[in-house]
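**Q** need coordinates for the following:
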Amino acid sequence: MSIYVDADACPVKAEVEKVGTRHGVKMFIVSNGGLRPSQNPLVETVIVPDGPDIADMWIADRATTGDVVITGDIPLAAKCVEAGARVLKHNGEALTQANIGNILATRDLMADIRAADPFRQGGGKAFSKSDKSRFLDALERELRATKRA
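**A** Residues are numbered from 1 along each chain as shown. Sure thing, here's the model as predicted:
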């Protein structure tokens, strides 16, 4: 069992390290760079070359059944779910076989809507303390469930 973190713009890297360390799980923090490597022996910082979706491809090529992937990238999540990995968004929402199709379709629809309205401003809601709390709880549950499986 390993934890893979799509670390570019990930607000829960420290939380993943805390929970992963408590469970003794190997963690891969994957990004294009700009991250301070952890001194934790369970954490491997993986720096991939610049380019679109290179970090995503690195994770997708390795994540499999028994692994947990942390990402906000829905196409990456879909690939990992298909490979049998458990996937969590930064707010603790689990992405599964049961919901990934609808989430992917909604993402594509929203991208089309944003592209059609060049004057649309704003983005998603800000990451909150309650999101962090839900994430910690969800990660703990996923790691326990993975160990039982």
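
**Q** so which residues of the chain form strands?
**A** Assigned by DSSP state E, the strands in the chain fall at 2-6, 26-31, 43-47, 68-70, 86-88, 94-95.

**Q** so what strands line up beside the shortest one?
**A** So the one you mean is strand 94-95. In the sheet, strand 94-95 lines up against strand 86-88 (antiparallel) (DSSP bridges).

**Q** gap between the strand it pairs with and the chain center?
**A** 7 Å (C-alpha atoms, centre = their mean, to the nearest Å).

**Q** from the rest of the structure, what touches that strand?
**A** Residues from elsewhere that reach strand 86-88 (C-beta atoms under 8 Å, 6 or more residues apart in numbering): 67-71, 77, 80-81, 94-96, 100, 135, 138-139, 142, 145-146. All C-beta atoms are positioned from the backbone trio N, CA, C, and that covers glycine.

**Q** of those residues, grab the buried ones for PyMOL.
**A** Those of the contacts of strand 86-88 that count as buried under 16 or more other C-beta atoms under 10 Å are selected in PyMOL with:
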select buried, resi 67+68+69+70+71+77+80+81+94+95+100+135+138+139+142+146
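
**Q** all good on my end, thank you.
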